[in-house]
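Engineer: Please work out how this folds:
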Amino acid sequence: MTQRVRKAVLPVAGLGTRFLPATKVIPKEMIPVIDKPVVQYAIEEARAAGIEEFIFVTADGKESIATHFYPHPVLERALEEKGKLAELKIVRDSTLPPGAVHIVKQHDPLGLGHAVWCAWQLIGNEPFAVILPDDMVLSQTPCLKQLIDAHSKVGGHVVAVEDVPRDQTNRYGILDILSDDGKLAKAKGLVEKPAPDKAPSTLAIIGRYILDPAVFTELDKHTKGAGNEIQLTDALNRTIASVPFHGLRFEGRRYDCGTRVGFVEANLAFGLAHPEMGDRLRPLVQKLLDTK
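Structural biologist: Numbers count the residues shown, from 1 in each chain. So this is what the prediction gives:
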């Protein structure tokens with residue numbers, strides 16, 4: 001029987017330079033998609049999957065990310081006094097319970113593997129989730145819950161994957177597939193950002209992981225890989241001989257909010273899916289498309 005996944009690591013230390021000047025003062029993860037910061041979608045997805053503790057691996061100047069999930073007594077009292085109960089519920093729904101939020105500083109930008117390693121002491125010896133908020137997934141069942149459900153059956157490492165165009169393999173960690181039933185692919189190896197002609201497949205890891213704590217032993221070696229960074233993919237690859245690794249083709253669609261076009265696409269997709277906005281937004285989008 002696999003151990004329950006209770007904790008999630010959110011690496012949010014990046015500077016967000018692709019979104020300057022918007023990110024000069026505001027962390028990229030706090031820019032809203034429709035009416036919620038990008039990072040709140042990640043937290044809501046994790047909570048819906050049963051995650052209880054959230055570890056933000058962050059940097060100086062990005063304190064507002066964690067603060068967003070703290071209680072705000074002054075605001076709550078003002079809303080209550082004015083009878084704005086709907087708004088009060090929104091504020092309280094975005095608040096995490098006492099002890100659920102942990103903050104770890106990543107003082108040097110040494111890569112995703114290093115960011116995950118920074119959370120080791122808070123994770124301990126149990127399986128855990130890693131969520132990259134830049135990857136937003138619109139799905140019927142929360143993407144992370146799909147991964148946790150798969151992990152309960154196969155254990156080891158389970159990551160969200162999707163097929164990408166071959167000319168884009170150099171942007172992702174790519175699976176070297178041992179077996180594949182069309183839903184769950186077992187990997188015999190991983191390659192970080194391979195050139196298209198060197199990629200063993202086009203099955204790419206996106207920003208959702210359920211990981212066995214064995215990965216920390218490899219990350220602790222601080223071995224640098226592509227981009228002279230400590231790559232999470234490389235550390236996972238070195239554990240495959242002893243820890244099973246599966247990629248799950250998840251139900252839903254991913255939007256890459258790490259790019260400006262992907263961010264706009266996410267706003268459109270989540271707006272069209274919004275129960276109060278979709279019907280009003282659809283004709284406006286069509287009007288823009290019809291404009292010559």
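Engineer: which residues in the protein form strands?
Structural biologist: With DSSP state E, the ranges of strands along the chain come out as 7-11, 32-33, 36-37, 53-58, 101-105, 128-131, 135-138, 157-163, 173-180, 184-192, 203-211, 245-249, 253-256.
Engineer: what would the ones you listed look like in a markdown table with mean pLDDT?
Structural biologist: Shown next, in a markdown table, are these (pLDDT from 0 to 100):
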| stretch | mean pLDDT |
| --- | --- |
| strand 7-11 | 97 |
| strand 32-33 | 95 |
| strand 36-37 | 95 |
| strand 53-58 | 96 |
| strand 101-105 | 95 |
| strand 128-131 | 98 |
| strand 135-138 | 96 |
| strand 157-163 | 96 |
| strand 173-180 | 92 |
| strand 184-192 | 92 |
| strand 203-211 | 96 |
| strand 245-249 | 97 |
| strand 253-256 | 96 |
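Engineer: do you know which of those strands lies nearest A226?
Structural biologist: Ranking the strands of the chain by proximity to A226 (CB to CB) places strand 184-192 first, at 4.9 Å. Glycine gets a C-beta too; all of them are placed from N, C-alpha and C.
Engineer: Just give me the neighbour total for the residue nearest to L248 when sequence neighbours are not counted.
Structural biologist: Nearest residue to L248, sequence neighbours excluded (CB to CB, 6 or more residues apart in numbering): A150, at 4.9 Å. Residues contacting A150 under the criterion other CB atoms under 10 Å number 20.
Engineer: What of L20?
Structural biologist: L20 has 10 neighbours, counted by other CB under 10 Å.
Engineer: distance of the nearest residue to I240 once chain neighbours are set aside from K62?
Structural biologist: Taking CB to CB, 6+ apart, and ignoring the residues beside it in sequence, I240 has G189 as its nearest neighbour in space, at 6.3 Å. Counting by CB to CB, to the nearest Å, the gap from G189 to K62 is 35 Å.
Engineer: Compare those two (neighbour count), which wins?
Structural biologist: Between G189 and K62, counted using other CB under 10 Å, K62 has the larger neighbour count: 23 against 16.
Engineer: who's in contact with that one?
Structural biologist: 12-13, 27, 29 (CB atoms under 8 Å, 6 or more residues apart in numbering).
Engineer: now that we have these, which one has the most neighbours?
Structural biologist: V12 (27 neighbours).
Engineer: so where's the stretch 51-200 of the chain uncertain?
Structural biologist: Within the stretch 51-200 of the chain, no stretch has pLDDT under 70.
Engineer: just the helices in it please.
Structural biologist: Ranges of helices in the stretch 51-200 of the chain, per DSSP state H, counting those that start in this stretch, are 64-67, 73-81, 85-93, 112-117, 120-123, 143-154.
Engineer: Among those helices, show me which one is buried the most.
Structural biologist: By mean neighbour count, with neighbours taken as mean count of other CB atoms under 10 Å, helix 112-117 ranks first of those at a mean of 25.
Engineer: Report the contact partners of G225.
Structural biologist: Counting by CB under 8 Å, 6+ apart, G225 touches 111, 192, 231, 233-234.
Engineer: Now with 6 Å, please.
Structural biologist: Listed by CB atoms under 6 Å, 6 or more residues apart in numbering, the contact set of G225 reads 192, 231, 234.
Engineer: residues near the last one, how many?
Structural biologist: Applying other CB under 10 Å, we find 22 residues neighbouring D234.
Engineer: pLDDT score assigned to it?
Structural biologist: In this prediction, D234 carries a pLDDT score of 91.
Engineer: so what's it closest to, chain neighbours aside?
Structural biologist: Nearest one to D234, counting by CB to CB, 6+ apart, is G225 at 4.4 Å.
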